[in-house]
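K.L.:
With the sequence up front, the predicted model follows.
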Amino acid sequence: MKLKFIVAAVTLTVSSICPAFSTIVNADEQLPAVVFENDQISNDKDLYKLAQKQEQENIDDIKIAGEEIPLDLVDTESIIQTDTSEPENLDVSRATEVLLVDKTTDDDYSAYMTSTIFIEGDSDSAISSNLVAPEKAQTSDINDDLKVDNSSTYKNIGSNLVEKLSGNHKNTIFPTLIASWTDSKSSQKYDSGRNVLLTMKIYYHYQNKGGANHLDMNYVEYWTTPKAKGSSVGYRKLEFKQMGLSGYKSGWIYNTHASYPTSNHKTVNVPDSWPPVLTSNAFVGAKIQATIYGSNNKSYHVATTTMLLDNLGVNKGRGSW
């Protein structure tokens, strides 16, 4: 679990700064005050409703403690194909939550966020329909539905922060607030997730400090969950990248990760050594590839790329995958 960006104002000493940012963190800077905290939504159906609401109502940001927190950073592309077919686009639904906001000054704030991306098959598609469970039919034995344990996410990070704070700060930390964007009906039916093939969840940290906006991933989580009876998942590959310029480290930042998980649910920490990157010149994103086997003995290859930032161009950004 990445801790440094919640406790950055307490412990971080920057020894190498880009020339444009002479001071990012001061050693005597005051402790951060938590101005907003919210449990993440733990029910996949409610998350799906939130995704529909944010899309239908065009919710691009939310104002918290006088700061406009962007909700529209996430851009996802997902395709499916067989060994003999052309690629076909899959439907994508995205829900972004702000879990915690703290401030050290009137101008400097940090927002800890998570975006959940549902990758969906289409019952009318010539390809992905083979992986969608029919209505009211028996489904696959794969039951790795999205389940969230708030004790293992930013609550866990926060518990480390609490130990470093004064009694006054401790009294204001972590009241449980009810999710604020799940109170509308969705026109699109979730239907027990029978159409959801894959879910990706990215935790990240957005901050405005010293006039510079930075972004940093904390960890990446996925579920491979085709519901059609007889379906199974074989090959999986998880990648994520964070590259660009940073106010915390000089020179070009280029950090990448690739792994081959063997389970239908996996959480992978982003290394603490990866510095946050400036939102004006960076690529931050994750990609998951999976091979799903249908009951017809065919293999279906799904590739999903999610970008939080992508302003480096095709060759340096998503095209470098």
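P.N.:
Sure thing, it's come through.
K.L.:
how about the strands of the stretch 51-200 of the chain, start to end?
P.N.:
Along the stretch 51-200 of the chain, the stretches classed as strands by DSSP state E, counting those that start in this stretch are 61-64, 67-70, 75-81, 88-89, 91-103, 109-120, 196-209.
K.L.:
For the ones you listed, give me CSV that also has distance to Trp321, mean neighbour count and mean pLDDT.
P.N.:
(Each C-beta comes from the backbone N, C-alpha and C, glycine too.) Supplementary listing: these in CSV, determined by distance: least, C-beta to C-beta, whole Å; neighbours: other C-beta atoms under 10 Å; pLDDT from 0 to 100:
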stretch, distance to Trp321, mean neighbour count, mean pLDDT
strand 61-64, 28, 15, 88
strand 67-70, 24, 16, 88
strand 75-81, 11, 19, 94
strand 88-89, 17, 14, 95
strand 91-103, 17, 22, 93
strand 109-120, 16, 24, 94
strand 196-209, 15, 24, 92
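K.L.:
right, and those strands - which one's nearest Thr279?
P.N.:
Thr279 lies closest to strand 196-209 among the strands of the stretch 51-200 of the chain, at 8.0 Å (C-beta to C-beta).
K.L.:
Which strands or helices does the closest one pack on?
P.N.:
Contacts defined by 3 or more C-beta pairs under 8 Å, 6 or more residues apart in numbering; DSSP states H and E place strand 196-209 against strand 67-70, strand 75-81, strand 109-120, strand 212-224, strand 282-293, strand 299-310.
K.L.:
ok, back up a step: now distance to Val132 too, for the strands of the stretch 51-200 of the chain, in TSV please.
P.N.:
Converted to TSV, these look like this (distance: least, C-beta to C-beta, whole Å):
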stretch	distance to Val132
strand 61-64	33
strand 67-70	33
strand 75-81	11
strand 88-89	13
strand 91-103	11
strand 109-120	8
strand 196-209	8
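K.L.:
With Asp39 as the reference, name the closest of the ones you listed.
P.N.:
strand 91-103 (7.7 Å).
K.L.:
The closest one pairs with which strands, parallel or anti?
P.N.:
Strand 91-103 pairs in its sheet with strand 33-37 (antiparallel), strand 109-120 (antiparallel), by DSSP bridges.
K.L.:
so can I have TSV of the ones you listed showing distance to Met307?
P.N.:
Below are those laid out as TSV (distance: least, C-beta to C-beta, whole Å):
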stretch	distance to Met307
strand 33-37	26
strand 109-120	11
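K.L.:
That concludes my questions; thank you for your assistance.
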